[in-house]
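In: the following comprises the amino acid sequence and a computationally predicted model.
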Amino acid sequence: MARYINTRVLSLALVLVWGISAVRAQSPAAGPAAGNKVGIVSIQDAIANTNEGKKELDALQQKFAPRQAALQTQNDELENLKKQLQAQGDKLSDEERSSRVRSASEKQKSLQRSAEDFQNEVQTAEQEILNRLGKKMLDVLEKYAKSNGYAVVMDVSNPQTPVLYANPGTNITKNLIDAYNAESPAAAPAPKPAATKPAGAAASRPPASGAATPKKP
């Protein structure tokens, strides 16, 4: 989905842990014996890069693209108005200058309100996708962790994670993407033709910074 200002709607857990004691408490019939490996995962990247995640986020980008373009047009008009005022300010009468300043101020407030409304709608829609697909991803993660001998899996999507260092070999993000795709009927999206982005256009993947981590219900 398009990258807009990145404040998340929900406050959820940052760390996903499958404790050794919890696994040991299960009966032998419930699954494999507890492992002792520790893994890390960027759960947001995992969700966004599944076939289903790409499809959902691309559709969201297309849905909001016209409004983003309209906001960009409003912003360009406002910037041009400011430049004209700066260039012609000393040649204008006090009345004309005051009128243009008021007009620029009103346009600025209108643009800010529209941008905030747009931002909130985008974030809400994006979070709904992350939460919905996140529940499925956490089921895949739990199954993968138990099957592959992981005692603990920690999410490092958020920069505030307590993980300060991890060997790259412990990162199972790609493994989870593959495992999710294997269980999901969604086909891989077709490659997009190269296109030039308009000024102010943003990249199309959910941000890691400040994003909420899906929480297993």
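Out: Everything's here; your move. Residues are numbered from 1 along each chain as shown.
In: the helices in this protein, which residues?
Out: Secondary structure of the chain by DSSP state H: the helices cover 20-24, 43-48, 51-88, 94-147, 173-183.
In: out of the ones you listed, which one sits most buried?
Out: Among those, helix 43-48 has the highest mean neighbour count (mean count of other CB atoms under 10 Å), at a mean of 25. Every C-beta, even on glycine, is put in place using the N, C-alpha and C of the backbone.
In: comparing the helices of the chain by mean pLDDT, which bottoms out?
Out: Lowest mean pLDDT within the helices of the chain: helix 20-24, at a mean of 33.
In: distance of the residue of the chain most remote from its centre relative to residue 100?
Out: Most distant from the centre of the chain: residue 93, at 48.9 Å, with distances by CA atoms, centre = their mean. Separation of residue 93 from residue 100 (CB to CB, to the nearest Å) stands at 11 Å.
In: likewise for residue 89?
Out: For residue 89 relative to residue 100 (CB to CB), the value is 8 Å.
In: same question for residue 86.
Out: According to CB to CB, residue 86 and residue 100 sit 10 Å apart.
In: same check on residue 49?
Out: Distance, residue 49 to residue 100, using CB to CB: 48 Å.
In: next one: residue 176
Out: Relative to residue 100, residue 176 is positioned 56 Å away (CB to CB).
In: next one: residue 114
Out: 21 Å.
In: same question for residue 111.
Out: Counting by CB to CB, the gap from residue 111 to residue 100 is 16 Å.
In: ok, now residue 152?
Out: Distance of residue 152 to residue 100, given as CB to CB: 62 Å.
In: could you report the pLDDT at residue 205?
Out: On the pLDDT scale, residue 205 is placed at 41.
In: one step back: adding distance to residue 163, write the helices of the chain out as TSV.
Out: As requested, the helices of the chain are exported to TSV (distance: least, CB to CB, whole Å):
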stretch	distance to residue 163
helix 20-24	18
helix 43-48	13
helix 51-88	23
helix 94-147	16
helix 173-183	13
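In: nearest to residue 162, of the ones you listed?
Out: Nearest to residue 162 among those is helix 43-48 (15.1 Å), distances taken as CB to CB.
In: what helices or strands is that closest one leaning on?
Out: helix 51-88, helix 94-147, helix 173-183 (3 or more CB pairs under 8 Å, 6 or more residues apart in numbering; DSSP states H and E).
In: could you give the separation of that helix from the chain centroid?
Out: 9 Å (CA atoms, centre = their mean, to the nearest Å).
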